[in-house]
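Chemist: got a sequence here, can you build the structure:
(one chain, ligands or ions: 1)
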Amino acid sequence: MTISFDEAAGAWHLSGPGHSYVVGLCDQGMPRQYYWGPPIPDGAVAGLLRDRGEEYSFDDRIHNGVELLGELGPQFATPSLQLRHPDGAKGFAWNYRDHTVDGDHLAIVFTDRELALTLHYRIWNTGVIDRWAVLETGAPVEIGRFDSAAWTLPHWKDYRLSHLSGEWAAEWQLRRVELPVGETLLGSRRGNTSHQANPWCLIDDGTATETGGEVYSSALAWSGSWRVQIRRSTQGRLTLTGGAGQEGLRWHLEAGEAWETPVYSAHYSADGFGGASRAWHEHLRRHVMPTAEEDAPVLFNSWEAVTFDVSEKKQMPLVDLAARIGCEQFVIDDAWFGSRTSDTAGLGDWWPNPDRFPNGLKPLIDAVHAKGMKFGLWIEPEMVNPDSDLYRAHPDWAIHQTGRDRTELRAQLVLDYSRAEVAAWAFATLDKLLGDNDIDFLKWDHNRPFTEVGRPDGTDPDRVYIDHVKAVYELKRKLREAHPHVRIEGCAGGAARVDPGILRYVDQVWTSDNTDAGDRVAIQHGFSQAYPARAMGAWVTDVPNPFTRRVTTLRFRFQVAGAGLLAVGGDLSEWSDAELDEAAEHVAVYKDIRAVVQHGAQYRLGDPETEQLTGVQYVLGDRIVVLAFKTPSRFNRPQAPLRPAAVAAGSRWVDEDTGEIHWGAGLHAHGLPLRWADTDWDSAILRLRRAE
Ligand code: DGJ
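Modeler: Below you'll find the model as predicted:
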């Protein structure tokens, strides 16, 4: 990996594994991307800049490839950067000042008036390039939009977008659509990342497949409102510009202030959708997630078992049962605190409910630890119920607009962490909770979006959208620093806050409130496009499933959940001895394959949206694990066999369960030797080890 500067050409060449990226100064002084694709030698860079002499045209051709689309000159696309100066002038006129290269990090500085704008680039050994920008100002300026980066793709005949959308309990639906000429907007106006859209997307020319073809993908590390605008021009170029905040927000910087955008990363792959996903998985595990190298424990969570009926008395028997089946962490969910016995009261009052936990949490925590399990606790510290002591004492702490009604969703409001005293209260409260109790794990929920965003004194109300998120990051960072042994699960009514920004501060995420294993096959397929199994919380729950009423076997439920971070969320007190024994066997198998699933390279075998027989394959060292799933058969038609990925024809593999030896050639010719149970919603697991 290198970053080199060709002074004569005025261009920087960023080269990492599998890709090159060239940014240069065009004649108008703007930083422009001249190449992004398969690796090239440094010597090729100067030749790429030959079109620098282009004149402005009615077609804003010169702006194709600008690293942050501006507002000056014939620039007619949605800008990446919108500024208003006190004298009414707009925009940023690019004047190159200087640059620094520090290992894998390039910073290019431009000036205009009282402003210094630095474009940052960082290349990673995973092939991912990070980009972000910093604006420093010596005079007041208003920001209308400040994206982190604009990414421009090569000329292609067609452009197809793959993206992830959904809704509560139906997140992670993968959609592939041809992009129209014009602008396409992905984003969230909700103050959180959202169930509806995820800030990851991928572009190909319509011919890429799971296993091959050129694909460009990008991911924004931001957990609040966001937008990625994709512009396909009439002249056949495609540019993505992305950053924090939604259309219509504006905020002000005073003289001496600096503003740093979140990171907007991108990746080029010649290995199709699967290659891109594996690069993101590896990148997030190695360079973003705080503890991804650790094996995540098998956890039990009591939410679906008891919902709001949490008490020491009710939890104790579950502790024994969770330990009996091999769980390693016991998590109590909502309603252990304050006056919370339903979703209408108590949020904000973070002390044990005295009726439910008369002796505090200690007896339960001790019982959990005595069984050799870790203890976890649910919190939702950014929220407040109007029916709470906190709200009665500080009604102004909730995000609101003076003179407007406060819209309650799930009977709750959002606390304004952009206010220093609220952020300080949150740290003090959680620091005390962790200090007073022997807690190993927090499930950090966030169950509603923002409405009526404002500030009581009316100053720069739109900054709340951004500053709240920054304060949440800072709170998590400080808590982790103060309590380094505590692990955190990020949750937001399911998956409304999963993105590379939050993944820097949480160890895993909750994938969806839909725990139906049948639906989960597709949900997990979507999740895996961008995010690794090491982040993906997956529970085995009861049947009929509370959301879908679907009934599937225990084996199917365990094997689907075993494709991520296995957890159990059913009411174990209702499980028969036979079911508990079977569960213990599945947990033991998971512990055997855990390292391969959590840390291995993941290959998707088929697409559950269109195929009946699919699987996920994980490869680590000399082991392969395949979890295979069948949706109910129609017409009893024979299925094409499931073939492995990344297995050489001449390699030999031992089936760890039967001892049989298989040649790679045979696995390709006949398919994987899967042992089905022949039920509807069937599943199978295969463990292979490379033979000498
Ligand atoms: C939403 C979460 O996604 C659920 O798992 C559960 O924690 C509830 N909140 C509790 O209110």
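
Chemist: need the helices for the stretch 501-650 of the chain, in chain order.
Modeler: 517-527, 554-561, 577-599 (DSSP state H, counting those that start in this stretch).

Chemist: output those helices as a markdown table; include the columns distance to the ligand, mean neighbour count and mean pLDDT.
Modeler: C-beta: built from backbone N, CA, C; applies to glycine. Output for these, formatted as a markdown table (distance: least, Cβ to the nearest ligand atom, whole Å; neighbours: other Cβ atoms under 10 Å; pLDDT from 0 to 100):
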| stretch | distance to the ligand | mean neighbour count | mean pLDDT |
| --- | --- | --- | --- |
| helix 517-527 | 13 | 24 | 98 |
| helix 554-561 | 14 | 24 | 98 |
| helix 577-599 | 20 | 17 | 98 |
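
Chemist: which residues of the stretch 401-550 of the chain lie near the ligand?
Modeler: Neighbours of the ligand within the stretch 401-550 of the chain, by Cβ under 6 Å from any ligand atom: 445, 447, 491, 493-494, 510, 513.

Chemist: sitting in strands, which of those do you find?
Modeler: Counted as lying in strands by DSSP state E, out of these, are residue 510.

Chemist: possible to save the residues of the stretch 401-550 of the chain next to the ligand as CSV with pLDDT and neighbour count?
Modeler: CSV is the format used below for those (pLDDT from 0 to 100; neighbours: other Cβ atoms under 10 Å):
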residue, pLDDT, neighbour count
445, 98, 23
447, 98, 21
491, 98, 27
493, 98, 22
494, 97, 25
510, 98, 27
513, 98, 19
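
Chemist: so which of the residues of the stretch 401-550 of the chain next to the ligand is the closest to residue 599?
Modeler: Of all these, the one with the least separation from residue 599 (Cβ to Cβ) is residue 510, at 20.4 Å.

Chemist: residue 443 is in contact with the closest one, correct?
Modeler: Yes. Look at residue 510 against residue 443 with Cβ atoms under 8 Å: they come within range, at 7.3 Å.

Chemist: please enumerate the shared neighbours of the two.
Modeler: Shared contacts of residue 510 and residue 443, defined by Cβ atoms under 8 Å, 6 or more residues apart in numbering, are found at 489, 491.

Chemist: I'd like the distance between the residue nearest to the spatial centre of the chain and residue 288.
Modeler: For the chain, the residue nearest the mean C-alpha position is residue 499 (2.7 Å; Cα atoms, centre = their mean). As judged by Cβ to Cβ, to the nearest Å, residue 499 and residue 288 stand 10 Å apart.

Chemist: cool, residue 584 as well?
Modeler: Using Cβ to Cβ, which is the criterion applied here, residue 584 is 34 Å from residue 288.

Chemist: what ranges do the helices span in the chain?
Modeler: In chain order, the chain shows helices spanning 45-48, 272-283, 303-306, 312-324, 362-370, 389-393, 420-436, 463-482, 517-527, 554-561, 577-599, 664-670, with DSSP state H as the criterion.

Chemist: in a markdown table: those, plus distance to residue 175.
Modeler: A markdown table is the format used below for the helices of the chain (distance: least, Cβ to Cβ, whole Å):
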| stretch | distance to residue 175 |
| --- | --- |
| helix 45-48 | 34 |
| helix 272-283 | 13 |
| helix 303-306 | 29 |
| helix 312-324 | 38 |
| helix 362-370 | 42 |
| helix 389-393 | 40 |
| helix 420-436 | 37 |
| helix 463-482 | 26 |
| helix 517-527 | 9 |
| helix 554-561 | 22 |
| helix 577-599 | 26 |
| helix 664-670 | 31 |
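
Chemist: for the residue nearest to residue 179 when sequence neighbours are not counted, give me its contacts.
Modeler: Spatial nearest neighbour of residue 179, excluding adjacent residues (Cβ to Cβ, 6 or more residues apart in numbering): residue 159 at 4.4 Å. Going by Cβ under 8 Å, 6+ apart, residue 159 touches 153, 178-179, 203-206, 232, 238.

Chemist: which residues of the stretch 101-250 of the chain fall in strands?
Modeler: Using DSSP state E, counting those that start in this stretch, the strands of the stretch 101-250 of the chain run over 105-112, 115-123, 128-137, 141-146, 149-153, 160-165, 173-178, 182-188, 197-204, 215-220, 226-232, 238-244.

Chemist: can you say which of these is nearest to the ligand?
Modeler: Closest to the ligand of those, according to Cβ to the nearest ligand atom: strand 197-204, at 16.2 Å.

Chemist: and that closest one, how far out from the chain's middle?
Modeler: 11 Å (Cα atoms, centre = their mean, to the nearest Å).

Chemist: follow-up on the earlier one: relative to residue 299, which of the residues of the stretch 401-550 of the chain next to the ligand is nearest.
Modeler: Once Cβ to Cβ is applied, the member of those that ends up nearest residue 299 is residue 510, at 11.2 Å.

Chemist: check contacts around the nearest residue to that closest one once chain neighbours are set aside.
Modeler: In space, and not counting its chain neighbours, residue 510 is closest to residue 491: 3.8 Å by Cβ to Cβ, 6+ apart. Applying Cβ under 8 Å, 6+ apart, one finds that residue 491 lies in contact with 443-446, 497, 509-510.

Chemist: and if you look at residue 306?
Modeler: Listed by Cβ under 8 Å, 6+ apart, the contact partners of residue 306 are 314-315, 318, 571.

Chemist: export the residues you listed to TSV and tack on pLDDT, neighbour count and distance to residue 556?
Modeler: Formatted as TSV, the contacts of residue 306 follow (pLDDT from 0 to 100; neighbours: other Cβ atoms under 10 Å; distance: Cβ to Cβ, whole Å):
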residue	pLDDT	neighbour count	distance to residue 556
314	96	15	28
315	98	24	28
318	98	22	23
571	98	14	18
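
Chemist: nearest to residue 483, of those residues?
Modeler: Nearest member of the contacts of residue 306 to residue 483, counting by Cβ to Cβ, is residue 315, at 22.6 Å.

Chemist: phi, psi for the closest residue to the ligand within the stretch 501-650 of the chain please.
Modeler: Closest contact between the stretch 501-650 of the chain and the ligand, by Cβ to the nearest ligand atom, is at residue 513 (4.6 Å). For residue 513, the backbone dihedrals are phi -80, psi -10 (criterion: degrees, to the nearest 10).

Chemist: so how far is residue 261 from the closest residue to it other than its chain neighbours?
Modeler: Nearest residue to residue 513, sequence neighbours excluded (Cβ to Cβ, 6+ apart): residue 494, at 4.1 Å. As defined by Cβ to Cβ, residue 494 lies at a distance of 27 Å from residue 261.
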